[in-house]
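Pasted the sequence and its predicted model underneath.
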Amino acid sequence: MFKKVSYLVCPLCDCELPMGGDEKLGTEMFCPFCESPLRLKKTKEDILYLQEDF
């Protein structure tokens, strides 16, 4: 079976970052392209997104 990969967009450089699906809300990560610090967030509608974390 194939694992479905989802992508979230870096808010600073607009690159698509692959997500494995096991990340937790509040997880800190860095964009591999622009090296910006990011944090995983969720909207009221349960939509995941990345927010810059300066």
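Structure's in. What do you need?

Count the neighbours of Leu8 for me.
Leu8 has 19 neighbours, counted by other C-beta atoms under 10 Å. C-beta: built from backbone N, CA, C; applies to glycine.

what do you get for Pro18?
10.

Give me the residues contacting the helix or strand where it lies.
Secondary structure assigned from DSSP states H and E places Pro18 in strand 16-19. Outside strand 16-19, the residues that touch it by C-beta atoms under 8 Å, 6 or more residues apart in numbering are 5-10, 29, 31-32, 48, 50.

Any of these buried? List them.
The neighbour count (16 or more other C-beta atoms under 10 Å) marks 8, 10, 29, 31, 50 as buried among these.

Can I get the contacts of strand 16-19 in a markdown table including secondary structure and pLDDT?
Converted to a markdown table, the contacts of strand 16-19 look like this (DSSP: H, G, I helix; E, B strand; the rest coil; pLDDT from 0 to 100):
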| residue | secondary structure | pLDDT |
| --- | --- | --- |
| Val5 | coil | 64 |
| Ser6 | strand | 88 |
| Tyr7 | strand | 93 |
| Leu8 | strand | 94 |
| Val9 | strand | 95 |
| Cys10 | coil | 96 |
| Met29 | strand | 93 |
| Cys31 | coil | 95 |
| Pro32 | coil | 94 |
| Leu48 | strand | 91 |
| Leu50 | strand | 95 |
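
Spatially, which two of those are the most separated?
Using C-beta to C-beta, the contacts of strand 16-19 span at most 18.1 Å, a distance reached by Pro32 and Leu48.
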